[in-house]
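Student: Need a 3D model of the sequence below.
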Amino acid sequence: MQSLYDVPAPAKLNLFLHITGRRTDGYHLMQSAFMLIDWCDTLHFELRADGIISREDLSVALPPDDLVVRAARALQHARQCPLGVHIGVHKSIPAQAGLGGGSSDAASTLLALNRLWNTRLPLATLAALALQLGADVPFFLSGGHAWIEGIGEVVAPLSLPVARFAVVKPPQGLETRLIFSDPALKRDSEAAIISGFAADAFGFGRNDLQAVAQKLCPGVSQAITWLASKGLVGRMTGSGSAVFAPVPLVGWPVNEGFLADAPESFQVKVCSSLDVHPLSGWASSDGFSVGSG
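Tutor: Okay, here's the model as predicted:
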């Protein structure tokens, strides 16, 4: 195998996000339900025999040492692999949006290179590498929707109904560290249980980061207000700045005219849920467990 083209990296939505405490090392403890959606980045991988890892930005410019490069380097080091790769990255998922684009790119890179380099690591080993890259990366290896706890390392499969969403991204992004360092952040939400969430999956709880995000980024409030003008109830995903709202599966007017009056420079996309990650099965799941409660 010399290349892998058109490898997808899907985004996620946090249907809710509660901060339940803080560890002594400063990391925040959370609970969330992650749902895969069909807003995807696309990656291309070409084998290099010289051991060099190179990257080409096919849309927006990325930092030199982004998560894609770090993921490739981590797998190469873990297996002492002498091969290299040239990676083309076409970004569609906006950055600093809470949609997990960078983390998803990293996970798809691990899965793709595990094939291209024939390193044959099982998912459990890839998940351990993923956690070193970022708290959200292991989720994108899990294969589907998930209930998330801890600092993001506890990932349990979650069955969710098929859904469709209007996703709105303000032109401004948000830095996660600014939200988590804000003294006004709510850090004492009571622990939720999956059965309580399942009774109202798309209306359950709240996003504890949203109040601080709205203070830092007026675009979050603008997005929520605009969705409300359409009769939709918006909520921020992750650490923002993107906002989403469930829309009916049938009978809802998805067309350019309906979405055309979004605030200037806002991105609006209607997304559907993905029950299964498009790369599910790309690595052996023998003994796979990202984390446990």
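
Student: For residue 252, report the pLDDT, please.
Tutor: For residue 252, the model assigns a pLDDT of 76.

Student: Doesn't it lie inside a helix?
Tutor: No: counting by DSSP: H, G, I helix; E, B strand; the rest coil, residue 252 falls outside a helix, being coil.

Student: Can you report how many residues lie near it?
Tutor: 15 (other CB atoms under 10 Å). Just so you know, the C-beta spots here come from the backbone N, C-alpha and C atoms, and that holds for glycine as well.

Student: can you check residue 159 too?
Tutor: Using other CB under 10 Å, residue 159 has 10 neighbouring residues.

Student: What separation do you get for it and residue 201?
Tutor: Plainly put, residue 159 is 10 Å away from residue 201 if you go by CB to CB, to the nearest Å.

Student: again with residue 132
Tutor: To residue 201, residue 132 is 31 Å away according to CB to CB.

Student: the more surrounded of these two?
Tutor: Set side by side, residue 132 and residue 201 show more neighbours around residue 201, with 18 against 12, by other CB under 10 Å.

Student: got the contact list for that one?
Tutor: 15, 33, 160-161 (CB atoms under 8 Å, 6 or more residues apart in numbering).

Student: Just give me the closest of these to residue 95.
Tutor: Of all the contacts of residue 201, residue 95 sits closest to residue 15, with 21.4 Å by CB to CB.

Student: ranges for the helices of this protein?
Tutor: In the chain, the helices defined using DSSP state H lie at 67-79, 101-116, 123-133, 176-180, 194-198, 210-216, 218-229, 256-259.

Student: Remind me what the first one packs against, helices and strands.
Tutor: In other words, helix 67-79. For helix 67-79, the packing partners by 3 or more CB pairs under 8 Å, 6 or more residues apart in numbering; DSSP states H and E come out as strand 53-57, strand 84-90, helix 101-116, helix 123-133.

Student: cool, the third one as well?
Tutor: Here helix 123-133 is seen to pack against helix 67-79, helix 101-116 when contacts are counted using 3+ CB pairs under 8 Å, 6+ apart.

Student: Most tightly packed of those?
Tutor: helix 101-116 (a mean of 26; mean count of other CB atoms under 10 Å).

Student: Residue 86 - how many residues pack around it?
Tutor: The number of residues near residue 86, taken as other CB under 10 Å, comes to 15.

Student: Which strand residues bridge it?
Tutor: Residue 86 forms beta bridges with residue 46, residue 54, as assigned by DSSP bridges.

Student: quick one: contacts for it?
Tutor: 45-46, 48, 54-56.

Student: List the buried residues for stretch 157-167?
Tutor: When burial is assessed from 16 or more other CB atoms under 10 Å, stretch 157-167 yields the following buried residues: 158, 160, 163-167.

Student: actually stretch 243-257, not the one I wrote
Tutor: 243-247.

Student: And the contacts of it?
Tutor: 13, 162-170, 202, 220, 223-224, 227, 230, 232-237, 270-271.

Student: and residue 195, how many residues sit next to it?
Tutor: Around residue 195 there are 7 residues (other CB under 10 Å).

Student: separation between it and residue 275?
Tutor: Distance of residue 195 to residue 275, computed by CB to CB: 21 Å.

Student: cool, and residue 154?
Tutor: Applying CB to CB to residue 154 and residue 275 gives a distance of 21 Å.

Student: So for those two, which residue has more residues nearby?
Tutor: More crowded of residue 154 and residue 275, by other CB under 10 Å: residue 154, with 19 against 15.

Student: Pairing partners for the more buried one in the sheet, please.
Tutor: residue 149.

Student: right, and it touches residue 139 too?
Tutor: No: at 10.2 Å, residue 154 does not count as touching residue 139 under the criterion of CB atoms under 8 Å.

Student: picking up where we left off before, in TSV: the helices of the chain, plus distance to residue 21 and mean pLDDT.
Tutor: Putting the helices of the chain into TSV (distance: least, CB to CB, whole Å; pLDDT from 0 to 100) gives the following:
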stretch	distance to residue 21	mean pLDDT
helix 67-79	27	98
helix 101-116	23	98
helix 123-133	19	94
helix 176-180	13	93
helix 194-198	19	93
helix 210-216	17	97
helix 218-229	24	96
helix 256-259	39	65
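
Student: Quick check: which of the ones you listed is nearest to residue 284?
Tutor: Nearest of these (CB to CB): helix 123-133, 6.5 Å.

Student: The most centrally placed residue in the chain: what's it in contact with?
Tutor: Taking CA atoms, centre = their mean, the centroid of the chain lies closest to residue 100, which sits 2.4 Å from it. Contacts for residue 100 were tallied using CB under 8 Å, 6+ apart; they are 11-12, 34, 93, 136, 139-140, 238.
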